Structure formats: structure tokens, C-alpha cells
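Enquirer: need coordinates for the below:
(one chain, ligands or ions: 2)
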Amino acid sequence: MLDEERSMQLMRVGAGTPMGELLRRYWHPIAAASEFADKNTKPIRLLGENLVMYKDLSGKYGVLDRHCPHRRADLSYGYVEEHGLRCNYHGWLFGEDGKCLAQPYEDVEDPSGKLRNTIHIKNYQVQEMAGLLWVYMGPSPAPLIPNYEPFLWKNCFAQISFTELPCNWFQCQENSIDPVHNEWMHQNWSIRLAGKTGPYAPTHMKVEFEEFRHGHVYRRVRSDTDETNELWTVGRVCLWPYALFTGGHFEWRVPIDDETTMSVAWFVSRVPKDKEPYVQNSVPHWWSPLKDEKTGRWLDSHIMNQDFVGWVGQGTFAQRSHEHLGKSDRGIAMIRQRYFADMERVARGEDPHAIVRDPKENERIDLPIIDKDSFIDGVTLEYLEKNRSFGTPKRMQHLAGQPPEVKRAYEDAMGFKMVDW
Ligand code: FES
Ligand SMILES: [Fe+2]
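Expert: Ligands and ions are numbered 1, 2, ... in the order given. Model (predicted):
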């Protein structure tokens with residue numbers, strides 16, 4: 001149990017708050033590069049700040065304050081030039097480094113640019129990796145975006161999906177280190193949602209948690225597995241600072257502000273051997289619905305949707321002064337302590353956990369992955385006819401609302417028809 005003040009320390013992400021300062025030491029995956037195939041600007045809100053992301057005509061990305069420093073127009077309605085983003089109100093032009101490059105009328109009256117030279121708009125670094133656009137809002141020098149090994153896998157189809165959730169990010173991240181919920185919220189609830197009353201899934205017999213270089217690992221023994229199973233020997237990953245990693249996908253819980261979280265998922269699937277060599281030119285993205293429009297209730301049909309029901313159900317801010325942690329929650333207590341310790345490290349001017357600065361280390365960051373061979377080696381179409389492969393799923397079981405064009409692209413890459421969920 002945490003008192004409300006300590007709990008709020010974990011949840012508040014605005015500039016100047018301890019957690020806000022901590023999270024500003026990491027890169028945030030907040031957009032997809034494929035979003036800029038048919039537009040040049042995207043309004044974004046990140047860690048409580050209103051910003052605009054843009055891609056100029058030379059292909060360079062920038063992130064600037066949402067409001068123009070002239071008379072505060074919304075720059076997400078601006079238009080891009082060969083270099084930079086131009087405000088649509090009076091034409092002031094800004095570069096990705098925040099410099100004001102032009103003030104059309106002022107430049108006529110005063111070619112020396114007296115006013116222009118005093119103007120600097122708030123700006124943040126943005127970089128593309130794995131089809132995602134990552135933003136860094138902290139002090140220089142920025143660390144590296146961790147180059148996790150799935151980003152480097154060959155012969156894979158990736159896709160990105162976004163879901164905006166009306167709750168604080170921290171309760172979403174606590175779910176990243178919660179093995180037992182899988183049995184109840186996913187397996188058994190799905191049995192009940194299907195109208196059956198059982199039999200229920202194998203029960204958890206033992207759970208263990210441990211910190212490593214890039215986050216935490218949780219291990220489990222169920223009534224149908226033992227300590228030789230990869231669920232125990234490898235485990236699953238609670239990735240620092242705010243993601244779950246299962247091998248087949250990452251789920252980042254990106255804090256939009258204190259009350260809103262963007263769930264950003266990056267799924268990776270191995271194409272069957274028969275379809276090699278396969279090179280994906282662009283990673284598609286889609287938006288997943290949260291509500292069942294007919295009933296007004298949260299969707300509960302897919303794994304991540306079930307998780308969302310859990311998180312939004314805790315309220316906008318989970319009240320930790322009212323909770324009762326048990327032995328299954330040791331991992332949650334562990335990550336809270338790590339965040340508190342990291343806030344102190346940042347206050348002392350030190351790097352927090354899992355910051356990567358060494359380019360050699362970042363050539364490839366290996367993570368614990370269950371059934372890793374299924375992603376690296378792949379299987380044949382013939383094998384898939386009779387068997388399942390973790391690395392090559394035949395259905396989108398994680399999220400509702402995959403659009404038909406992404407489904408078709410997946411089927412084209414894989415050489416089989418997806419099984420409906
Ligand atoms: S408000 Fe942007 S140029 Fe005037
Ligand atoms: Fe879950």
C-alpha cells in the first residue's frame with residue numbers, strides 16, 4: 001500500500017515533477033512513420049505538453065511547440081516547406097532546431113531580422129526506429145533509442161497500433177509485471193465470455209521477479225508446467241521504463257498526460273520459410289477502438305482489450321492507499337521501488353535505469369524471449385497447416401479492430417488466410 005502522496009509521485013508526468021523529470025530521460029514512441037505517408041503534420045501530446053510533429057519536404061522530421069510564438073496559432077495546421085514548418089496564420093517559418101527561419105512581412109520591413117533573431121520555439125528531437133517515431137524531451141546529450149533485437153529480425157512483418165486510454169499510465173505499466181492476471185483476466189474470463197463455465201486454465205503455482213539491465217523479468221510455474229519450461233527458465237519482460245515485451249510484441253504505455261495513456265503496440269510476425277526472402281518496406285499502423293459502440297461498454301474480445309478493461313476500471317488514477325498487495329504483487333512493489341530510486345538518481349544528476357549510451361551495446365540489445373527459434377528460424381506453410389507457431393500467428397488475438405487492408409497485407413506476406421477471432 002502506498003499513501004496518496006507517494007502514489008501521485010509515481011503518476012504525475014508534467015515537467016518539473018520527479019516522475020516527469022525521470023521519464024524525460026527516455027525516448028518515447030508516439031507516432032508511426034507510415035502516418036506521414038499522406039500528411040505532413042500530426043498534433044501530439046506527450047508528458048502533458050502540446051506539440052506538433054511534422055515531416056518537411058526534404059523528409060526531415062521535427063517536433064515543435066503546438067503554438068506559434070507570434071500570436072499562438074495552432075502549428076498542426078501549418079504547412080511544411082523544403083526545410084521546416086510554416087505557420088498558416090502569418091507565415092512564420094521554423095526549423096527543427098527551433099530557429100525562426102522567416103517572418104515574411106517583418107523581413108520586408110527589417111531585412112536584418114531583429115525580431116526574428118530573438119525568436120526560438122520549443123523543440124524536441126525525433127528519430128525513426130522500427131517504423132516508430134520516437135521523441136526525446138530531456139537534457140542533452142540524448143541517450144540512444146534501445147535497438148532491441150526484434151527490430152533487426154529478418155523476414156518479418158511488423159505492424160503498429162494505437163489505443164488512447166482514459167487513465168493514468170502507471171496502472172497500465174503495473175500490469176507489465178503481473179503474471180497471475182493472465183490466468184484470470186485472459187484465460188478464465190475468455191472461457192466465461194464464450195459462455196462456458198469451465199474447465200478453468202492451469203493455475204499459477206509459483207512466481208518470481210528479477211531485475212535485469214533493461215527492466216524486470218517475471219517467471220512462473222503453472223500447474224501444467226515445471227521449472228524446465230521457458231515460462232520459468234526465460235520468463236517474460238517488463239521493459240524499462242514503461243513497456244511489456246512478450247517476444248511477439250511490445251506494448252508501450254506512453255503517458256500523454258496524467259490522465260491519458262497512449263497504448264502503442266508493435267507486433268512482429270515471422271513469415272513462413274516458403275515466403276523468404278521477405279522485406280517489409282513500410283510498417284503499417286492502425287487505431288484500435290476501445291468501446292463497443294452498440295453497448296457503450298469497453299470491448300473485451302481481445303487480450304489487450306481485456307487488459308484495458310482492467311486498467312480503466314481502476315479509475316483515472318488507481319487509489320493505491322486503498323489496495324491490499326499480496327505475494328503475487330511482489331513485482332509491482334519492486335518496480336515502484338525502482339522508480340522511486342531512479343527519481344532520486346535523476347535528482348542527483350545521474351542516469352536512471354536502462355539508459356543506453358554505448359553504440360557498441362546498441363548494435364543489438366538481446367532480450368529474454370520464449371520460443372525464440374520460432375521468430376529466428378520460422379516454419380513452413382505445410383507445418384502451419386497442422387501446427388501453431390508462436391512466431392507466426394494465424395490470427396490477431398491481441399487487439400480489436402485490425403483494418404481489412406492491414407489484414408490483407410499480413411495475409412499476402414504470410415501466404416495464408418487469417419483465422420477470424
Ligand atoms: S500566429 Fe503564427 S505566424 Fe502569426
Ligand atoms: Fe494482460
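Enquirer: near ligand 1, which residues of the chain are found?
Expert: 68, 70, 71, 73, 87, 89, 90, 91, 92 (C-beta under 6 Å from any ligand atom). Where C-beta positions appear, they are placed from N, C-alpha and C, glycine not excepted.
Enquirer: of those residues, closest to residue 299?
Expert: residue 73 (37.1 Å; C-beta to C-beta).
Enquirer: number of nearby residues for the closest one?
Expert: Residues near residue 73, counting by other C-beta atoms under 10 Å, number 17.
Enquirer: cool, and the one 10 residues further on?
Expert: As a burial measure, residue 83 scores 15 neighbours (other C-beta under 10 Å).
Enquirer: try residue 170
Expert: 27.
Enquirer: is it correct that it falls within a helix?
Expert: Yes - counting by DSSP: H, G, I helix; E, B strand; the rest coil, one finds residue 170 located in a helix.
Enquirer: so it sits right up against residue 10, yeah?
Expert: Yes - taking C-beta atoms under 8 Å as the definition, residue 170 is a contact partner of residue 10 at 5.0 Å.
Enquirer: thinking again about what came up before, which of the residues of the chain next to ligand 1 are buried? Put it as a PyMOL command.
Expert: Selecting only the buried entries of these in PyMOL, with 16 or more other C-beta atoms under 10 Å as the criterion:
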select buried, resi 68+70+73+87+91+92
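Enquirer: can you list the residues of the chain next to ligand 1 in CSV and add pLDDT?
Expert: Converted to CSV, these look like this (pLDDT from 0 to 100):
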residue, pLDDT
68, 98
70, 98
71, 98
73, 98
87, 98
89, 98
90, 98
91, 98
92, 98
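Enquirer: want to throw the residues of the chain next to ligand 1 into a markdown table with secondary structure and distance to residue 181?
Expert: A markdown table is the format used below for these (DSSP: H, G, I helix; E, B strand; the rest coil; distance: C-beta to C-beta, whole Å):
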| residue | secondary structure | distance to residue 181 |
| --- | --- | --- |
| 68 | coil | 45 |
| 70 | coil | 50 |
| 71 | coil | 50 |
| 73 | coil | 46 |
| 87 | coil | 47 |
| 89 | coil | 49 |
| 90 | coil | 53 |
| 91 | coil | 53 |
| 92 | coil | 50 |
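Enquirer: residues touching residue 13, list them.
Expert: Each residue near residue 13 by C-beta atoms under 8 Å, 6 or more residues apart in numbering is listed here: 19, 20, 23, 47, 48, 169, 255, 257, 258.
Enquirer: does it count as helix, strand or coil?
Expert: Applying three-state DSSP: residue 13 is coil.
Enquirer: so whatever residue of the stretch 301-421 of the chain ends up closest to ligand 1, which state does it fall into?
Expert: At 33.6 Å from ligand 1, residue 316 is the closest residue in the stretch 301-421 of the chain, using C-beta to the nearest ligand atom. Look at residue 316: counting by three-state DSSP, its state is coil.
Enquirer: just residue 64 next, same as before
Expert: Under three-state DSSP, residue 64 comes out as strand.
Enquirer: any idea how far ligand 1 is from it?
Expert: Per C-beta to the nearest ligand atom, to the nearest Å, residue 64 is found 11 Å from ligand 1.
Enquirer: likewise for residue 3?
Expert: Separation of residue 3 from ligand 1 (C-beta to the nearest ligand atom) stands at 45 Å.
Enquirer: and what of residue 247?
Expert: Residue 247 is 47 Å from ligand 1, by C-beta to the nearest ligand atom.
Enquirer: same thing with residue 226?
Expert: 65 Å.
Enquirer: buried set for stretch 369-385?
Expert: 369, 370, 372, 374, 375, 378, 379, 384.
Enquirer: which pair in the residues you listed spans the largest distance?
Expert: Between any two of those (C-beta to C-beta), the greatest distance is 19.8 Å, for 369 and 384.
Enquirer: residue 133: what's it in contact with?
Expert: Residue 133 touches 29, 30, 31, 32, 33, 35, 53, 61, 126, 127, counting by C-beta under 8 Å, 6+ apart.
Enquirer: hang on, I meant residue 79
Expert: Per C-beta under 8 Å, 6+ apart, neighbours of residue 79: 40, 41, 85, 86, 88.
Enquirer: what's the burial count for the second one?
Expert: One way to gauge burial is a neighbour count; for residue 41, by other C-beta under 10 Å, it gives 22.
Enquirer: domain map for this protein?
Expert: According to automatic domain parsing, the chain comprises the domains 29-136, 149-414.
Enquirer: do a quick rundown of the strands in the stretch 201-350 of the chain.
Expert: Per DSSP state E, counting those that start in this stretch, the stretch 201-350 of the chain carries strands over the ranges 204-212, 215-222, 236-239, 243-245, 249-257, 260-270, 285-287.
Enquirer: starting from the third one, tell me which strands it pairs with and how they run.
Expert: Using DSSP bridges, the strands paired with strand 236-239 in its sheet are strand 215-222 (antiparallel), strand 243-245 (antiparallel).
Enquirer: using PDB, list the CA coordinates for that strand.
Expert: Output of strand 236-239 as PDB, limited to C-alpha atoms (Å, rounded to 0.1, in the frame of the first residue of the first chain):
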ATOM      1  CA  ARG A 236       8.500 -12.500 -19.800                       C
ATOM      2  CA  VAL A 237       9.800  -9.000 -19.800                       C
ATOM      3  CA  CYS A 238       8.600  -5.800 -18.100                       C
ATOM      4  CA  LEU A 239      10.700  -3.400 -20.100                       C
END
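Enquirer: quick revisit: from the buried residues of stretch 369-385, which land in helices?
Expert: 374, 375, 384 (DSSP state H).
Enquirer: kindly list the longest helix within the protein.
Expert: helix 330-347.
Enquirer: which helices and strands sit right next to it?
Expert: Contact here means 3 or more C-beta pairs under 8 Å, 6 or more residues apart in numbering; DSSP states H and E; on that basis helix 330-347 packs against helix 4-11, helix 18-23, helix 169-174, strand 204-212, strand 215-222.
Enquirer: tell me which of those sits nearest to residue 98.
Expert: helix 18-23 (20.4 Å).
Enquirer: how close does the residue in the stretch 101-250 of the chain that ligand 1 sits nearest to get to residue 68?
Expert: Closest approach between the stretch 101-250 of the chain and ligand 1, counting by C-beta to the nearest ligand atom: residue 103, at 7.5 Å. Distance, residue 103 to residue 68, by C-beta to C-beta, to the nearest Å: 11 Å.
Enquirer: what residues are shared contacts of the two?
Expert: With C-beta under 8 Å, 6+ apart, residue 103 and residue 68 have common neighbours residue 92.
Enquirer: no further queries at this time; thank you.
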